[in-house]
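A.B. asks: make a model of this:
(2 chains)
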There are 2 protein chains.
Amino acid sequence: MLGIIRVLTHDDPHFVEEHGRLIHQAYAIASVSRCIPDQRKGIYDAESQALAIPKIVALGQALEAEGCNALFLSCAADPGLAALRQAVNLPVISAGSACASVAALLKRPVAVMGIGAEAPLPFKQLLGAAVSYARPEGVLNTTDLLTAQGRESALACADGLYRQGAEVIAFSCTGFSTIALADSIRQHLGKIAIDAVSAAGLFISQLAPSR
Amino acid sequence: MLGIIRVLTHDDPHFVEEHGRLIHQAYAIASVSRCIPDQRKGIYDAESQALAIPKIVALGQALEAEGCNALFLSCAADPGLAALRQAVNLPVISAGSACASVAALLKRPVAVMGIGAEAPLPFKQLLGAAVSYARPEGVLNTTDLLTAQGRESALACADGLYRQGAEVIAFSCTGFSTIALADSIRQHLGKIAIDAVSAAGLFISQLAPSR
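C.D. replies: Below you'll find the predicted structure:
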């Protein structure tokens, strides 16, 4: 059983379990998803990240105690990843380093696409501080992606990055997973995109196959 | 410490440790490499594979007992992988499924390149039984790759697969790692190739093996 750590507080189980559903669909891995408490806005600055890290560690330990055999920290910024790995005795995969490390393996011109002001730290660490980065026009948070305009804007942003020479785009936002942007890119642009939730599923599929 | 299982018997420590060296170079992961006993020709048919599997399992258990925190089964055919995973309490990565699963994640037209008569089982399982497969002309074993002619033949084989429509080539032979064929492909053909030893290193790199 995979334990999925959501780094925000949310009441809707459908929303909370969404990444688990995507991983199950792709890799037939069963999971349980949990939110950290009392962070309805998630992690959005240094202070909210500092507040979240002990909660992430505690949630990981609780999921280990419940019998999970691997953990997925579902955030492109990898908040508290090192501390969490120290605190538990399980493989821990995080969305940011999973996605960026697959893109790095390919060793071809790469760009990062997200919704923040710049590429999250794990992407800069694994792909170089100067890695190309863009966010879709008019998209400031994940809900903006859910509209027809948001999807169009995301595809247009990807198209621009490929036209500028990227051969691979790594997603630094799991909102792109929800709208299946990687599939759209393959279908409409015929290019390679690395989805962060799928990349995490890839690692789990080889590190802790259900046994 | 990563424990590397070589599925043949060999006296030359330089040869035995070669995959560990490549993984250290790419990911700074320390490893110890060991051979299974009494199989100087390695695994080459059903009988030699059946003979090897209990040795692979026993070697994995010995490496676990010595304190390794992950295992790498360095063979593109994943011999005994399920049994080994059952027998130890560590993440086990195998060259075949590591390489094929990264290629599968990209969801673009893929071909497999090796030195056997056909694609090994994990590649067929993860990329489809009908996946394109080729081996370089005149190359029948890994030592054939080490000559100038062997390298040329390998690059020509890859070029042919890309010309036939492959966008990604997955290597089903670790001999291509030794001659750095993926780098040659990037440099001379500007294309994406997934090296089996590097792919295994990628998975290990996300486990925090250095603790």
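A.B. asks: wait, does the worst-scoring helix or strand of chain A on mean pLDDT make contact with chain B?
C.D. replies: Ranked by mean pLDDT, DSSP states H and E, the helix or strand of chain A with the weakest confidence is helix A:175-178, at a mean of 91. No - using Cβ under 8 Å from any Cβ of the partner chain, helix A:175-178 stays clear of chain B, with a minimum separation of 13.0 Å. Placement of C-beta: from N, CA and C, glycine included.
A.B. asks: residues in contact with the helix or strand just after that helix?
C.D. replies: Using DSSP states H and E, the helix or strand that follows helix A:175-178 towards the C-terminus is helix A:181-184. Residues from elsewhere that reach helix A:181-184 (Cβ atoms under 8 Å, 6 or more residues apart in numbering or on different chains): A:R151, A:A154, A:L155, A:A158, A:F171, A:F176, A:A193, A:I194, A:D195, A:S198, B:K107.
A.B. asks: so which of the residues you listed are in helices?
C.D. replies: A:R151, A:A154, A:L155, A:A158, A:F176, A:S198 (DSSP state H).
A.B. asks: mark which of these are buried, thanks.
C.D. replies: Burial by neighbour count, 16 or more other Cβ atoms under 10 Å in any protein chain shown: within those this picks out A:R151, A:A154, A:L155, A:A158, A:F176, A:S198.
A.B. asks: what's the closest of the residues you listed to chain B?
C.D. replies: Comparing those against chain B with Cβ to the nearest Cβ places A:S198 closest, at 6.2 Å.
A.B. asks: tell me which element the residue nearest to the closest one when sequence neighbours are not counted is part of?
C.D. replies: In space, and not counting its chain neighbours, A:S198 is closest to A:A26: 5.8 Å by Cβ to Cβ, 6 or more residues apart in numbering or on different chains. A:A26 belongs to helix A:18-27 when assigned by DSSP H and E.
A.B. asks: so what does that helix touch, helix or strand wise?
C.D. replies: Judged by 3 or more Cβ pairs under 8 Å, 6 or more residues apart in numbering or on different chains; DSSP states H and E, helix A:18-27 is in contact with strand A:2-6, strand A:31-35, helix A:175-178, helix A:196-207.
A.B. asks: mean pLDDT lowest where, among the ones you listed?
C.D. replies: Ranked by mean pLDDT, these end with helix A:175-178 at the bottom, a mean of 91.
A.B. asks: how about the contacts made by A:A170?
C.D. replies: By Cβ under 8 Å, 6+ apart, the residues touching A:A170 are A:99-100, A:102-103, A:110-113, A:123, A:127, A:193-194, A:196.
A.B. asks: pLDDT score for A:Y44?
C.D. replies: In this model, A:Y44 carries a pLDDT of 85.
A.B. asks: which helix or which strand is home to it?
C.D. replies: Under the criterion DSSP H and E, no helix or strand holds A:Y44.
A.B. asks: which residues are contacting the helix holding A:A26?
C.D. replies: Here helix A:18-27 has contacts from A:2, A:4, A:6, A:29-33, A:72, A:74, A:174, A:177-178, A:197-198, A:200-202, A:204-205, using Cβ under 8 Å, 6+ apart.
A.B. asks: so what pLDDT did the nearest residue in space to A:L155 that is not next to it in sequence get?
C.D. replies: The shortest distance from A:L155 to any non-neighbouring residue, by Cβ to Cβ, 6+ apart, is to A:S184 (5.6 Å). Model confidence at A:S184, given as pLDDT, is 97.
A.B. asks: one step back: who's in contact with the least confident helix or strand of chain A?
C.D. replies: So helix A:175-178 is in contact with A:18-19, A:22, A:113, A:115, A:141-142, A:145-146, A:154, A:171, A:182, A:195-198, going by Cβ under 8 Å, 6+ apart.
A.B. asks: show the buried residues in these.
C.D. replies: Buried among these by 16+ other Cβ under 10 Å: A:18-19, A:22, A:113, A:115, A:142, A:145, A:154, A:171, A:182, A:195-198.
A.B. asks: let me have those in a markdown table, extended by distance to B:A52.
C.D. replies: Formatted as a markdown table, the buried ones among the contacts of helix A:175-178 follow (distance: Cβ to Cβ, whole Å):
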| residue | distance to B:A52 |
| --- | --- |
| A:E18 | 43 |
| A:H19 | 39 |
| A:L22 | 37 |
| A:M113 | 45 |
| A:I115 | 50 |
| A:T142 | 49 |
| A:L145 | 50 |
| A:A154 | 49 |
| A:F171 | 41 |
| A:A182 | 38 |
| A:D195 | 37 |
| A:A196 | 38 |
| A:V197 | 37 |
| A:S198 | 33 |
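A.B. asks: give me the lowest-pLDDT entry from those residues.
C.D. replies: Out of these, that is A:T142, at 77.
A.B. asks: that one and A:A154 touch, don't they?
C.D. replies: No - applying Cβ atoms under 8 Å as the test, A:T142 and A:A154 come out as separate, 10.9 Å apart.
A.B. asks: which residues does A:Q206 contact?
C.D. replies: The contact partners of A:Q206, taken as Cβ under 8 Å, 6+ apart, are B:P91, B:I93, B:S97, B:A98, B:S101, B:F203.
A.B. asks: measure the closest residue to the second one other than its chain neighbours to A:R85 for me?
C.D. replies: This points to B:I93. Nearest residue to B:I93, sequence neighbours excluded (Cβ to Cβ, 6+ apart): B:F203, at 4.5 Å. Distance, B:F203 to A:R85, using Cβ to Cβ, to the nearest Å: 15 Å.
A.B. asks: next one: A:P79
C.D. replies: Distance from A:P79 to A:R85, counting by Cβ to Cβ: 13 Å.
A.B. asks: more neighbours: which of the two?
C.D. replies: More crowded of A:P79 and A:R85, by other Cβ atoms under 10 Å in any protein chain shown: A:P79, with 25 against 21.
A.B. asks: I'd say that one and A:V7 touch.
C.D. replies: Yes - at 6.1 Å, A:P79 counts as touching A:V7 under the criterion of Cβ under 8 Å.
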